[in-house]
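make a model of this:
(2 chains)
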Amino acid sequence: MTGKLAAFFAVPILALATPAAPAAAQSEPYDASRILDSFDIIALYAVANEIGASLEPEDDDSVLITFANGLKASVYFTACNSGRCLGTRLQAGFGKPGNKSIARTEELVEEFNRTKAAVKVFNRGDGSSMAQEYIIADGGITMGNYRAQVNLFSLMINRFRQTIYSDD
Amino acid sequence: MRFSLKLLFILAMAAGSVTAMPPLAAQETGFDEARVVSAIGDAQLRAVITRIGATITPLDEEKNALRIGYTNGARGIARRMACPPDIAPGEPCKGLLLIGYFAKPEGVDDARAMAAAMQFNREQNLASVAVSQRGEHVVKTYVIFDGGITLGNVAVQVALFGESVAAYQTLLFGGEN
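Model (predicted):
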């Protein structure tokens, strides 16, 4: 992670919950073919381990994930009912690049958002920006797909970082 | 994962130009919501769209793009992406791009339209919106099949996209896309 990457923005949301997991359960092995019909910290730990990422609980019930490429993001479990959460939201905040105006930064962010489909990025109005991905478990996805989507987010935010913090 | 916005607009405008065509009759192809797929073909996609009660209009001979007419009045385009080279038309592809197109809104000034896009991107989890330099708005989301997802999950994602398009329509100008 470069020093340019700003601290992450904790966005309060409704129906937010991060089910706690016992330490032993957190070592549950990764099973690519296992069907997940909800998300929890156990599955996230398994996926994170698989892609070389680490997790750290945050004070606001989110989880800080540090990817193998050094970038960090906040993970929120959403759409929770009776301990089952159907959504995983990943979001990473980026500060205003020191070598660019707000207008130029916003142009770069908008261009990235126009041309990339796998991640959403948007301006926050002060030169800072946010990248988000939302994963839903409704109906069931494999743990392999969960892994692929989380890993893709790490790749996309790395591209985004390179785009907005370029030297031009 | 890069795609051409120009291509999206061409597809979107093509979708608008065939509105007189009746949707195809429902084609039940044995939709099994528990079936895990790591790619999606044209027949499976049609089964998904039919299952959620939406209508289908084909947009290209390669069978990669379909227009979706949602029951809530929203319209979208489903374009299968990340297809293996040299596959036959309709064969499975590993990605599905969903888009909803809005021409530059008349009667809405540019600043208000951009504010709507920013608000949508801040508040909506399931889709994003991009605005072209000509003022056209595209709501989009991307479904990734790598590793496998159930057809039930695909159906939910396609259905929720229709809700996202309708929500943006209301946010932008309360009209039709």
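
helix, strand, or coil at residue B:32?
Following DSSP: H, G, I helix; E, B strand; the rest coil, the label given to residue B:32 is coil.

in chain A, which spans are helices?
For chain A, the helices defined by DSSP state H occupy A:41-50, A:102-115, A:143-164.

can I get those in CSV with mean neighbour count and distance to residue A:84?
Every C-beta, even on glycine, is put in place using the N, C-alpha and C of the backbone. Shown next, in CSV, are the helices of chain A (neighbours: other C-beta atoms under 10 Å in any protein chain shown; distance: least, C-beta to C-beta, whole Å):
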stretch, mean neighbour count, distance to residue A:84
helix A:41-50, 20, 12
helix A:102-115, 18, 32
helix A:143-164, 21, 15
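
what distance do you get for the most centrally placed residue in chain A to residue B:105?
Closest to where the C-alpha atoms of chain A average out (C-alpha atoms, centre = their mean) is residue A:90, at 2.5 Å. When distance is defined by C-beta to C-beta, to the nearest Å, residue A:90 is 31 Å away from residue B:105.

next: residue B:139.
From residue B:139 to residue B:105 the distance is 13 Å (C-beta to C-beta).

kindly report the same for residue B:156.
Counting by C-beta to C-beta, the gap between residue B:156 and residue B:105 amounts to 29 Å.

now the stretch of helix or strand residue B:164 belongs to against helix A:143-164, angle please.
Using DSSP states H and E, residue B:164 falls within helix B:151-172. Put simply, helix B:151-172 runs at 40 degrees to helix A:143-164, going by axes from the mean of the first three to the mean of the last three C-alpha atoms, to 10 degrees.

quick one: average pLDDT of helix B:151-172?
Taken as a whole, helix B:151-172 carries a mean pLDDT of 96.

per-residue confidence at the residue nearest to the centre of chain A?
Listed pLDDT for residue A:90 reads 98.

that one: what's it in contact with?
A:65, A:73, A:74, A:75, A:132, A:133, A:134, A:135, A:150, A:153 (C-beta atoms under 8 Å, 6 or more residues apart in numbering or on different chains).

burial of the spatially closest residue to residue A:149 that is not a sequence neighbour, as a residue count?
Of all residues not flanking residue A:149 in the chain, residue A:135 sits nearest, at 5.0 Å (C-beta to C-beta, 6 or more residues apart in numbering or on different chains). Residue A:135: 23 surrounding residues under other C-beta atoms under 10 Å in any protein chain shown.
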